[in-house]
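Colleague: Structure, please.
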Amino acid sequence: MIINKSQKKKRFLPMTAAALSISVLCATAAMASGTSTASIRPGKSTATGSTVTASGTTGSLKVSSAGPTFYVQGYAKREIDFWPDSTAASRTANPSQTVTSGFSATKSHQYYSQANTQSGATSIYGEAVTKVN
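Modeller: Got it, this is the predicted structure:
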């Protein structure tokens, strides 16, 4: 006697894989951070980065100086429409030094980096990097 078993089709596998991929992408987007970088190059003494919007409540500021004898002062600034922008964090990096600092961000507000060095500095590389998430 021959028994004819029906074969089950695996049609739900592509749908399951697609749902899993979408959930991973959503989780990654929720954890994504915005980054603003202000880079000082030779001949300049100030720089300002682009604005990024905080999706969470944490932020960090990393300031580095690669200049031979000059420091870099870095700021994480919160953009305010009707008032001067406020400083969320600031650090000073001496030559050949990188320093970091954390700060509390406000969700949905915009932040940017600003870097300054001594006026008249001609051969300095430095940057301030602000990350918010």
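
Colleague: Identify each buried residue in stretch 60-79, please.
Modeller: 60-67, 70-78 (16 or more other Cβ atoms under 10 Å). Heads up, the C-betas are built off the backbone N, CA and C, glycines and all.

Colleague: tell me the mean pLDDT for stretch 121-128?
Modeller: The predicted model gives stretch 121-128 an average pLDDT of 87.

Colleague: And G49, its phi and psi?
Modeller: Phi and psi for G49, reported as degrees, to the nearest 10, are phi -90, psi 170.

Colleague: give the contact list for it.
Modeller: Listed by Cβ atoms under 8 Å, 6 or more residues apart in numbering, the contact partners of G49 are S36, T37, A38, Y112, S113, Q114, A128, V129, T130.

Colleague: for these, which one is nearest G102?
Modeller: T130 (11.2 Å; Cβ to Cβ).

Colleague: Can you name the residues that contact the closest one?
Modeller: With the criterion set at Cβ under 8 Å, 6+ apart, T130 makes contact with 35-37, 49, 52, 59-61, 76-77, 88-89, 111-113.

Colleague: Go again with 10 Å.
Modeller: Counting by Cβ atoms under 10 Å, 6 or more residues apart in numbering, T130 makes contact with 33-38, 49, 51-52, 59-63, 74-78, 88-89, 103, 105, 111-114.

Colleague: Show me the beta-bridge partners of it.
Modeller: S36, L61 (DSSP bridges).

Colleague: Distance of it relative to P68?
Modeller: 25 Å (Cβ to Cβ, to the nearest Å).

Colleague: Tell me where the model's unsure across this structure.
Modeller: 1-32, 67 (pLDDT under 70).

Colleague: Isn't I80 up against Q110?
Modeller: Yes - using Cβ atoms under 10 Å, I80 is in contact with Q110, at 9.1 Å.

Colleague: List just the nearest of the contacts of G49 to T98.
Modeller: V129 (9.8 Å).

Colleague: thought that closest one was touching A47?
Modeller: No - V129 is beyond contact range of A47, at 11.3 Å (criterion: Cβ under 10 Å).

Colleague: got any residues that touch both of the two?
Modeller: T37, A38, S39, G74, S113, A115.
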